[in-house]
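> missing the sequence, but the structure's below:
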């Protein structure tokens with residue numbers, strides 16, 4: 001039995017114990033004493049901590065699986081036609097390009113294979129195989145990419161036609177005229193905003209043939225770029241970055257406004273669920289943050305069932321009202337007028353990746369410290385192309 005499954009079972013047992021304790025300490029008016037509340041909160045904190053450990057282990061497992069697909073052989077013979085060189089693939093997909101790319105990154109001599117991937121800013125486009133590895137790593141690091149619709153764009157802008165309003169049928173009298181009723185279309189444009197990070201590696205590691213440079217760069221790229229992407233996909237304002245699903249302009253539609261600025265009720269979560277049209281609910285998920293989950297964890301139905309349900313199945317998410325719930329630290333916390341929870345079909349959030357992630361080696365900038373710098377960049381945009389597909393729970397203004 002895996003450690004993850006054992007932790008999931010332990011979390012469920014601890015949660016059942018916490019709920020039982022809380023119910024046993026309520027007086028006839030349903031009030032729990034401050035002393036017992038403190039004990040319950042410690043029990044709940046254990047549930048939360050186990051959940052964090054499960055997430056870390058699952059993410060580590062997924063990253064390991066992703067990076068194990070990297071098979072790097074950067075020191076292949078440079079002689080065209082030599083044994084082991086695949087002459088069938090061309091451009092950035094060829095083994096010659098892959099060999100020269102990693103030799104260039106390590107500061108070794110190269111042939112002219114990199115000419116096909118020279119970037120206008122002085123870097124080199126990553127090999128095709130490695131780019132697929134980077135995309136896979138980003139999907140692991142960035143939870144939003146797991147649910148969004150990702151497309152590849154060859155240029156700086158991609159226009160997406162969207163049905164703004166749909167036509168309808170009508171009853172017609174005998175020999176009557178059928179009324180025109182056409183679909184109306186609008187457009188959403190995906191741009192290509194630049195996102196970059198600087199990675200430094202010591203000369204000793206670069207010269208160590210045992211050091212897996214490919215895996216290290218992929219992991220760092222995924223961690224840094226993935227985190228910044230996720231933040232923009234959630235709360236980005238569209239100014240020099242993607243437009244987030246929680247953005248006041250271009251984000252999801254407000255489904256429910258809570259009565260309070262500091263608390264969420266069970267009925268308000270139900271209202272959020274039903275504010276989304278039924279066809280979207282079939283594949284909808286909740287996205288919020290840990291602090292909001294802590295508040296929701298205490299909510300119960302009229303028959304005493306808790307709204308939040310922990311998962312005991314490896315790889316399966318927790319649920320609210322039977323739908324998966326995911327957390328991100330970038331979702332706003334409960335506060336006056338804050339948008340704190342989204343429920344919807346996030347496949348209507350489109351991410352446009354401009355093909356060609358770029359790496360550039362900096363030889364001199366950090367030479368005095370025995371290091372080499374590497375600049376990694378990509379161009380990406382994201383927008384919710386159909387706002388009605390995602391509904392937002394917004395807190396009240398308070399007094």
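The structure has been received and is ready for your questions. This one's a predicted model, so the numbers in the text were calculated from it and none came from an experiment.
> CA only for contacts and neighbour counts going forward, please
Fine.
> Can you name the residues bridging to residue 320?
Beta bridges link residue 320 to residue 308, residue 323, judged by DSSP bridges.
> which residues sit in contact with it?
Neighbouring residues of residue 320 by C-alpha atoms under 8 Å, 6 or more residues apart in numbering: 286, 307, 308, 309.
> Out of the residues you listed, grab the one that's most surrounded.
Counting neighbours by other C-alpha atoms under 10 Å, residue 286 comes out on top of the contacts of residue 320 with 22 neighbours.
> how does this protein divide up, domain by domain?
Per automatic domain parsing, the domain ranges recorded for the chain read 126-158+191-399, 159-188.
> And those, which one averages the lowest pLDDT?
Note on the domains of the chain: domain 159-188 shows the lowest mean pLDDT, a mean of 65.
> before we move on, back to that, would CSV of the contacts of residue 320 with distance to residue 320 be doable?
CSV is the format used below for the contacts of residue 320 (distance: C-alpha to C-alpha, whole Å):
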residue, distance to residue 320
286, 8
307, 6
308, 5
309, 6
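> quick revisit: just name the most buried of the domains of the chain.
Stretch with highest mean neighbour count among the domains of the chain: domain 126-158+191-399 (a mean of 19; mean count of other C-alpha atoms under 10 Å).
> Could you dump the domains of the chain into TSV and include distance to residue 2?
Shown next, in TSV, are the domains of the chain (distance: least, C-alpha to C-alpha, whole Å):
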stretch	distance to residue 2
domain 126-158+191-399	9
domain 159-188	44
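> Contacts only, for the nearest residue to residue 199 once chain neighbours are set aside.
Leaving aside its sequence neighbours, residue 199 sits nearest to residue 374 (C-alpha to C-alpha, 6 or more residues apart in numbering; 5.0 Å). By C-alpha under 8 Å, 6+ apart, residue 374 lies in contact with 198, 199, 200, 201, 359, 360, 361, 362.
> what do you get for residue 51?
Residue 51 touches 8, 11, counting by C-alpha under 8 Å, 6+ apart.
> Using the three-state scheme, assign it.
Assigned with DSSP: H, G, I helix; E, B strand; the rest coil, residue 51 falls in the helix class.
> just residue 152 next, same as before
strand.
> before we move on, back to that, of the contacts of residue 320, just say which sits nearest to residue 385.
Using C-alpha to C-alpha, residue 286 comes nearest to residue 385 of the contacts of residue 320, at 18.3 Å.
> what's the closest of the contacts of residue 374 to residue 272?
Proximity of those to residue 272 (C-alpha to C-alpha) peaks at residue 198, which lies at 41.4 Å.
> how near is the closest one to residue 271?
The gap separating residue 198 from residue 271 is 45 Å, by C-alpha to C-alpha, to the nearest Å.
> Quickly find the element holding residue 351.
Residue 351 is located in strand 349-362, with elements delineated by DSSP states H and E.
> returning to that earlier point: closest to residue 33 out of the domains of the chain?
Nearest to residue 33 among these is domain 126-158+191-399 (15.7 Å), distances taken as C-alpha to C-alpha.
> how far is the closest one from where the chain is centred?
Taking the mean of its C-alpha atoms, domain 126-158+191-399 sits 3 Å from the chain's own mean (C-alpha atoms, centre = their mean, to the nearest Å).
> Listing request: residues of the stretch 1-150 of the chain with sub-threshold pLDDT.
Where the stretch 1-150 of the chain drops to pLDDT under 70, the residues are 1, 62-137, 139-141.
> Please repeat the previous calculation with a cut-off of 80.
1-2, 27-30, 52, 54-142 (pLDDT under 80).
> buried stuff in stretch 39-58?
Neighbour-count burial for stretch 39-58, counted by 16 or more other C-alpha atoms under 10 Å, picks out 40, 43, 44, 46, 47, 48, 50, 51, 54, 58.
> could the contacts of residue 374 go into CSV alongside distance to residue 248?
As requested, the contacts of residue 374 are exported to CSV (distance: C-alpha to C-alpha, whole Å):
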residue, distance to residue 248
198, 32
199, 34
200, 37
201, 40
359, 35
360, 37
361, 39
362, 40
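> can you give me the helices for the stretch 151-300 of the chain?
203-206, 213-235, 266-275, 278-281, 290-296 (DSSP state H, counting those that start in this stretch).
> these two touch, right, residue 250 and residue 387?
Yes. Using C-alpha atoms under 8 Å, residue 250 makes contact with residue 387 at a distance of 7.3 Å.
> that older thread, which of the helices of the stretch 151-300 of the chain sits closest to residue 138?
So among the helices of the stretch 151-300 of the chain, helix 213-235 is nearest, using C-alpha to C-alpha, at 4.8 Å.
> Can you name every helix or strand that the closest one contacts?
On a contact count with 3 or more C-alpha pairs under 8 Å, 6 or more residues apart in numbering; DSSP states H and E, helix 213-235 meets helix 34-67, helix 128-141, strand 193-202, strand 371-384.
> mind giving me a markdown table with these and columns for distance to residue 394?
Formatted as a markdown table, the helices and strands packed on helix 213-235 follow (distance: least, C-alpha to C-alpha, whole Å):
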| stretch | distance to residue 394 |
| --- | --- |
| helix 34-67 | 24 |
| helix 128-141 | 27 |
| strand 193-202 | 28 |
| strand 371-384 | 18 |
